[in-house]
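*Asks:* pasting the structure only:
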Ligand SMILES: Cc1ncc(C[n+]2csc(CCOP(=O)(O)OP(=O)(O)O)c2C)c(N)n1
Ligand SMILES: [Mg+2]
C-alpha cells in the first residue's frame, strides 16, 4: 500500500523542524568552511571537518532527548554538537583556543566537543576508546534504576577495528545495556581505505557477534538516519537493549588540515559523492514539495554567512586564557 504522506510526515517530523534542520546543516557547513580558512591563515592550528556527514549527525540529534540522554561523540561530530545546540561562536572559541571555549577551556585540540548542560561527554583522542565511556554511562543508568534514558556513542568505521571498541560493544551486548552505537562509515580512516581497516563490507554485520541488531542506512539521507536512530534510541530507552547502526557517508574535505587527501583518493570519487550532498538533498526535498522557496534558501545561506562572520569577529577579539588560569581544573592544590 502506498502512503500519500510525505516522508517527514510519515516520521512525525514537522515542516518547521526540518526547515530548522536545513538551516542548521547550512550553518554547520559554513562554520566548517570558516574553520578551514582560519587554518589556512595560520590562526587555527588544527581543525577537523564534518562536511558531508551533516545528515548523519543532524538525523541522530533529532533522535536524542537532548539534556536527558548522554552523547559520547568523536572528533568528526561538530555538526552533531551544533545540532544539539552548540553555536558557531562556541566552535570558533574552541578552534582558536580562546577563553570561554566550552569544550575544554581552550586546553584541548579541536574536536573535543563537550557540554554538561547538553550531556555531551568529551571524547578521547585515542580512536575507538570513547564507546567504553558510553557503555559505562549505560551501566550507571541500569545500576541507578534510571528509566527512559539512553546513551549514544558515535565513531568511524576505522574505530571498529580497535580493541577498546570491541570490549565496549561486547559488554553492552552481554548486559543488554541502553546504548546505541553509531558508525559514521566514510570509507577511510585518514588515508587507509575501508578494505584495509575493516574485514567485512558492512560494519553493521559485526553486530551479530555482539548480540544486538545491526542496521545499515544511507547516511546522506536525513530521513533514513532519523528513522534508524529513533528506532534504536526508543528501543534502548524502553529496555530493548543496544543497537549498532552503520550510516554510509563520506567526508568531503581531508581528514584534518594536516592531511592531503588526493594522495589516497581521487577527485572523481569526491565529485561523485558530492552529487549526493546531504544538504542539497534536504533542500531539494523541501523545494520540490513546495515547503520552502528558493528565496528562503538564499536567505538561509546569507543568514548563516552573517552568523559565522559575526562569530569569527567575536572569537578573534576574545583573549586566550590567562597564564594564571594554567592550573585551573586540575587535581591538586590551586
Ligand atoms: C588508537 C589510535 N590510533 C590511531 C590514531 C590516529 N588517528 C586519528 S583519527 C584516525 C582515523 C580513524 O578513522 P575512522 O574511525 O574511520 O574515523 P573518521 O576519521 O574516518 O571519521 C586515526 C588513525 C589515534 N588517534 N588513536
Ligand atoms: Mg572513517
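*Replies:* Cool, got the structure. Just so it is clear, the structure is predicted and the values come from calculations on it, not from any experiment. Ligands and ions are numbered 1, 2, ... in the order given.

*Asks:* now the helices for the stretch 201-334 of the chain?
*Replies:* 222-237, 267-274, 278-288, 294-317 (DSSP state H, counting those that start in this stretch).

*Asks:* which outside residues touch the last one?
*Replies:* What it means is helix 294-317. Contacts to helix 294-317, defined as CB atoms under 8 Å, 6 or more residues apart in numbering, come from residues 19, 22-23, 26-27, 29-31, 33-34, 38, 43, 87-89, 91-93, 95-96, 98, 283, 287. Placement of C-beta: from N, CA and C, glycine included.

*Asks:* mind listing what's buried in that helix?
*Replies:* By 16 or more other CB atoms under 10 Å, the buried positions in helix 294-317 come out as 296, 297, 300, 301, 304, 307, 308, 311, 312, 315.

*Asks:* relative orientation of it and helix 278-288 in degrees?
*Replies:* 150 degrees (axes from the mean of the first three to the mean of the last three CA atoms, to 10 degrees).

*Asks:* Name only those of the contacts of helix 294-317 that count as buried.
*Replies:* Among those, the ones that count as buried by 16+ other CB under 10 Å are 19, 22-23, 26-27, 29-31, 33-34, 38, 43, 88-89, 91-93, 95-96, 98, 283.

*Asks:* give me the subset of those touching ligand 2.
*Replies:* Taking CB under 5 Å from the ion as the test, ligand 2 is in contact with none of these.

*Asks:* Give me the subset of those residues that lies in helices.
*Replies:* Among the buried ones among the contacts of helix 294-317, DSSP state H puts 19, 22-23, 26-27, 29-31, 33-34, 38, 88-89, 91-93, 95-96, 283 in helices.

*Asks:* Need the nearest residue in space to the residue of the stretch 101-250 of the chain found nearest ligand 1, chain neighbours excluded.
*Replies:* Closest residue of the stretch 101-250 of the chain to ligand 1, CB to the nearest ligand atom: residue 156 (2.0 Å). Excluding its sequence neighbours, the residue lying closest to residue 156 (CB to CB, 6 or more residues apart in numbering) is residue 184, at 5.8 Å.

*Asks:* Relative to residue 53, how far out is the one you found?
*Replies:* Going from residue 184 to residue 53 by CB to CB, to the nearest Å gives 6 Å.

*Asks:* need the residues of the protein near ligand 2, please.
*Replies:* So far as CB under 5 Å from the ion goes, the chain lies against ligand 2 at 156, 157, 158, 186, 189.

*Asks:* now, which of the residues you listed sits nearest ligand 2?
*Replies:* Closest approach to ligand 2 among the residues of the chain next to ligand 2 (CB to the ion): residue 156, at 3.4 Å.
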